[in-house]
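Peer 1: Need a 3D model of the sequence below.
(chains A and B)
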Amino acid sequence: MAAVDIAVRNVSKSYRVHRDGGRNLFRFRRTKRIWALKDVSFDVQRGEALGVVGANGSGKTTLIKLLARITSPDRGDITIAGRLMSLVEVGAGFHPELSGRDNVFLNAAIFGVSVAEVQKRFDSIVEFSGLADFIDAPVKTYSSGMFVRLGFAVASQLDADILLLDEVLAVGDLAFQARCMDRIEEIRRSGRTILLVSHDLAAVERLCDRVLLLTSGEMAGEGSPRDMIEKYQVSAAKCLPSSNLNFENGAIVLHGVSFVGRDGARPRTGAPLTVRVSYEAEVSIEDVVFTVSFIWPSGYICTELVSSSATLAGGRGHVVFDCPILAIQRGLYTVDLTVTTASGRVLARRIRAAPFRVDPGLIVQGDFYMTHSAKLEQDEN
Amino acid sequence: MSERTVTVIRSTVPALSRIPGGLRELVAYRELLGYMTVNRLRVRYQNSWLGWAWAVLQPLAFLAFLTVVGSAIGGHSTSDVPYPLFILASLSPWTFFATSLNTAAAGVLSSRSLIARVYFPREIVPLSYVLAALADLAIATALTMVALACSGHSIPPTVVELLPICLILIIYAAAFSLALSIAQIGFRDIAIGLPLLLQGVLFTTPVLYPLNAVPAQWRAVYELNPLALLVEAFRGALIGKQVISAEQLVYTAVVGLILFGIAYFIFKTAEPDMVDEI
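Peer 2: Numbering: from 1, shown residues only, chains lettered A, B, ... in the order given. Okay, the predicted model is just below:
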């Protein structure tokens, strides 16, 4: 039975919010109490990587601040076994006037790490940050990327039993992000406990064993990364605004899109899919192309369906796309609709026209299911 | 697997047990206190052209002003020690006390970004200002001794008394710095009113005049002020005159420790939620 490194029991935390400006002798200020966390309980096992996802204001950062002892709960208690290091904001403890070298020692001292221990790790910290040439320059002369690299290097090279990471992966360039990911994986494999808060859902899915979903300060779910991320995406999709852009004086208007799986079932990976786009054209238009784009939550295009060019008579109609096999993996996508002329001039566009949910079907790891078969061929001898 | 420390985080309940627990943790974080103190001094002089020379230049310049003004006014019966040195000997402990309070009260607010992002015992911030001010006191005291030696006074054996006197003085500075820096979060008035208050205290402390200048009928009340006793004792030890009794010194120490206990208790009770109010 694995030991529990973090035990959170019925934790609530409220803040006082001032409705207007300053209070003083001559002016009474009304305050309101808002609950940032309400009755949250969970355990983190030793060696586990727990992700926390949720919308802005759902209480993620408050949770991290409670665990890091930056602030204290109103009710409930938290028990932590081992040395905990928090990266709530990378390089938060840096002093701009001091050199990188001095800041490494200062930062470590803030985490309660002794000078002797830092000295042992100093070379590996500098090497990881890649700032060997600038280590004696004042930190105020660093670029924001250099700043962040040094901060992450300090926190990740010191031995902590438990590591709290709040949005630290969103910074730094691609190469450094990749190194951060590798380093976090390495820390994870070494059996240490990690708690990761991030809006980078791909990173959460890749790094975490289990995910906690917070909604307005309450626990909305706890489970496998895929399930929780999808649950979060569904709740987030409701808040996404759709925008309708018309060009050419509204010669053509996109009304909407619907998705149907096999025999009217919900779409799922590996099964057939039919996509219907409805439109209304004011006049007859020649050489029109419809495009349906599937967008990852990250904003990147996952894939597209493109119609062959056709001439529209005026009036309402549908474009029907038939996919024999839906190849993209389970998850929540958003769909953009675009109508262009054959030469590429945009006639109408509807961004985030609808959410598109793919249920689990043929499951493989990764993002796509590739239609395939396999047969064994043995050499005869 | 090695034994792990277990931390329990829960809502703050005022409890006297916070004092020993807090002090133990403070000892564990002594390196951070050292770093913060040294960094305050370094940052203060780092970008100035004169650099560390300022640390000596400031009391030296003050001494020069006093010499000029003192010789212009003249006629003060300040025993056999020259007037400027007589003043400097009591002004440096006073400045230490006043600077500690002023910088520590403002310091917690200016360390806001650090406090909001990392946990460490928060008392380290005000205490580091006290220790940084102590460095100035050491320099000024050394300078006073050099000046005394140059003006033909041998350095008296009573200078060893400076050690206990300074220790007690540090306790007072720490106690008031802790109390003011935590109160400052709720009442920003403190940073505004503190210099005024310190000016008032300056006149009830024998900094600019000797203790025996106080009328005899007021002396008993006057000597209840531990700070007055400490400043007078500091000067006495420097110029080689026994001015306060050992009992009086013990009295200041006891009052100081009680005040420190109260201030530390208040600080540690308010500490966990201070970040929400900054």
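
Peer 1: contacts, neighbours, all on C-alpha from now
Peer 2: OK.

Peer 1: So which bits of the stretch 101-250 of chain A are right by chain B?
Peer 2: A:106, A:109-112, A:114-115 (C-alpha under 8 Å from any C-alpha of the partner chain).

Peer 1: Please repeat the previous calculation with a cut-off of 6 Å.
Peer 2: When proximity is defined as C-alpha under 6 Å from any C-alpha of the partner chain, the stretch 101-250 of chain A approaches chain B at A:109, A:112.

Peer 1: Report how many residues lie close to the residue of the stretch 101-250 of chain A found nearest chain B.
Peer 2: Across the stretch 101-250 of chain A, the shortest distance to chain B (C-alpha to the nearest C-alpha) belongs to A:A109, at 4.9 Å. Counted by other C-alpha atoms under 10 Å in any protein chain shown, the residues lying close to A:A109 total 23.

Peer 1: confidence score at the spatially closest residue to it that is not a sequence neighbour?
Peer 2: If the residues on either side of it in the chain are set aside, A:A109 comes closest to B:L32, at 4.9 Å by C-alpha to C-alpha, 6 or more residues apart in numbering or on different chains. pLDDT for B:L32: 89.

Peer 1: How about A:D287?
Peer 2: 90.

Peer 1: In the sheet, which strands lie alongside the helix or strand containing it, parallel or antiparallel?
Peer 2: Assigned by DSSP states H and E, A:D287 falls within strand A:285-295. Here strand A:285-295 is paired, per DSSP bridges, with strand A:301-306 (antiparallel), strand A:310-312 (antiparallel), strand A:331-341 (antiparallel).

Peer 1: re the thing from before, can I take it that the residue of the stretch 101-250 of chain A closest to chain B is in a helix?
Peer 2: Yes: under DSSP: H, G, I helix; E, B strand; the rest coil, A:A109 sits within a helix.

Peer 1: so what pLDDT did it get?
Peer 2: pLDDT for A:A109: 85.

Peer 1: which residues in the chain form helices?
Peer 2: Looking at chain A here, since you left the chain open. Taking DSSP state H as the test, the helices found in chain A are A:60-67, A:100-110, A:115-129, A:144-157, A:174-189, A:201-207, A:225-237.

Peer 1: sorry, should have said chain B
Peer 2: B:18-28, B:30-46, B:53-73, B:83-110, B:112-115, B:124-150, B:162-186, B:189-203, B:216-222, B:226-239, B:246-270, B:274-277.

Peer 1: how about those helices, which one is nearest A:F259?
Peer 2: helix B:274-277 (48.3 Å; C-alpha to C-alpha).

Peer 1: Please export the C-alpha coordinates of that closest one as PDB.
Peer 2: Only the C-alpha atoms of helix B:274-277 are listed here, as PDB (Å, rounded to 0.1, in the frame of the first residue of the first chain):
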ATOM      1  CA  MET B 274      -1.200  38.200   5.900                       C
ATOM      2  CA  VAL B 275      -0.700  37.500   2.200                       C
ATOM      3  CA  ASP B 276      -4.400  37.900   1.600                       C
ATOM      4  CA  GLU B 277      -4.400  41.400   3.000                       C
END
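
Peer 1: could you say what helices and strands the lowest-mean-pLDDT helix or strand in chain A packs with?
Peer 2: Ranking every helix and strand in chain A by mean pLDDT, DSSP states H and E puts strand A:243-246 at the bottom, with a mean of 71. If you count contacts as 3 or more C-alpha pairs under 6 Å, 6 or more residues apart in numbering or on different chains; DSSP states H and E, strand A:243-246 packs onto strand A:346-358.

Peer 1: now what about the strand it packs on, what contacts it?
Peer 2: A:242-247, A:267-268, A:330-340 (C-alpha atoms under 6 Å, 6 or more residues apart in numbering or on different chains).

Peer 1: Any chance of a PyMOL selection covering the buried ones in these?
Peer 2: Buried residues within the contacts of strand A:346-358, by 16 or more other C-alpha atoms under 10 Å in any protein chain shown, are selected in PyMOL with:
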select buried, chain A and resi 244+246+267+268+330+331+332+333+334+335+336+337+338+339+340
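
Peer 1: need the residues of chain B near chain A, please.
Peer 2: Counting by C-alpha under 6 Å from any C-alpha, chain B sits next to chain A at B:4-11, B:29, B:32, B:114, B:117, B:119, B:272-273.

Peer 1: which of the residues you listed tops the neighbour count?
Peer 2: B:L32 (28 neighbours).

Peer 1: Check chain B and tell me which residue is nearest its centre.
Peer 2: B:F97 (3.2 Å; C-alpha atoms, centre = their mean).

Peer 1: how much space between it and B:V108?
Peer 2: 17 Å (C-alpha to C-alpha, to the nearest Å).

Peer 1: rewinding a little: what's next to the least confident helix or strand of chain A, contact-wise?
Peer 2: A:348-351.

Peer 1: Closest one of those residues to chain B?
Peer 2: Of the contacts of strand A:243-246, the one sitting nearest to chain B (C-alpha to the nearest C-alpha) turns out to be A:I351, at 38.1 Å.

Peer 1: For beta bridges, what are the partners of the closest one?
Peer 2: Bridge pairing for A:I351 - DSSP bridges - gives A:S243.

Peer 1: cool, and A:F368?
Peer 2: A:I328.

Peer 1: what about it, distance to A:R268?
Peer 2: In terms of C-alpha to C-alpha, A:F368 sits 12 Å off from A:R268.

Peer 1: just B:S111 next, same as before
Peer 2: Distance from B:S111 to A:R268, by C-alpha to C-alpha: 53 Å.

Peer 1: And for B:A116?
Peer 2: 46 Å.

Peer 1: Give me the common contacts of A:F368 and A:R268.
Peer 2: Between them, A:F368 and A:R268 share no contacting residue, judged by C-alpha under 6 Å, 6+ apart.

Peer 1: For the residue in the stretch 101-250 of chain B that chain A sits nearest to, give me phi and psi.
Peer 2: Of all residues in the stretch 101-250 of chain B, B:Y119 sits closest to chain A, at 5.1 Å by C-alpha to the nearest C-alpha. B:Y119 adopts backbone torsions of phi -90, psi 140, taken as degrees, to the nearest 10.

Peer 1: you'd agree it is up against A:I70?
Peer 2: Yes: assessed by C-alpha atoms under 6 Å, B:Y119 is found in contact with A:I70 at 5.1 Å.

Peer 1: hang on, the earlier thing: could I get the CA-only coordinates of the least confident helix or strand of chain A as PDB?
Peer 2: Taking C-alpha atoms only, strand A:243-246 is exported to PDB below (Å, rounded to 0.1, in the frame of the first residue of the first chain):
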ATOM      1  CA  SER A 243     -18.800  34.300 -34.200                       C
ATOM      2  CA  ASN A 244     -20.300  34.700 -37.600                       C
ATOM      3  CA  LEU A 245     -18.400  36.600 -40.200                       C
ATOM      4  CA  ASN A 246     -20.100  37.500 -43.500                       C
END
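
Peer 1: Could you give the number of residues near A:D123?
Peer 2: Neighbourhood size, A:D123 [other C-alpha under 10 Å]: 12.

Peer 1: gap between it and A:I110?
Peer 2: Relative to A:I110, and taking C-alpha to C-alpha, A:D123 is found at 19 Å.

Peer 1: And A:L376, by the same measure?
Peer 2: From A:L376 over to A:I110 the distance is 60 Å, taken as C-alpha to C-alpha.
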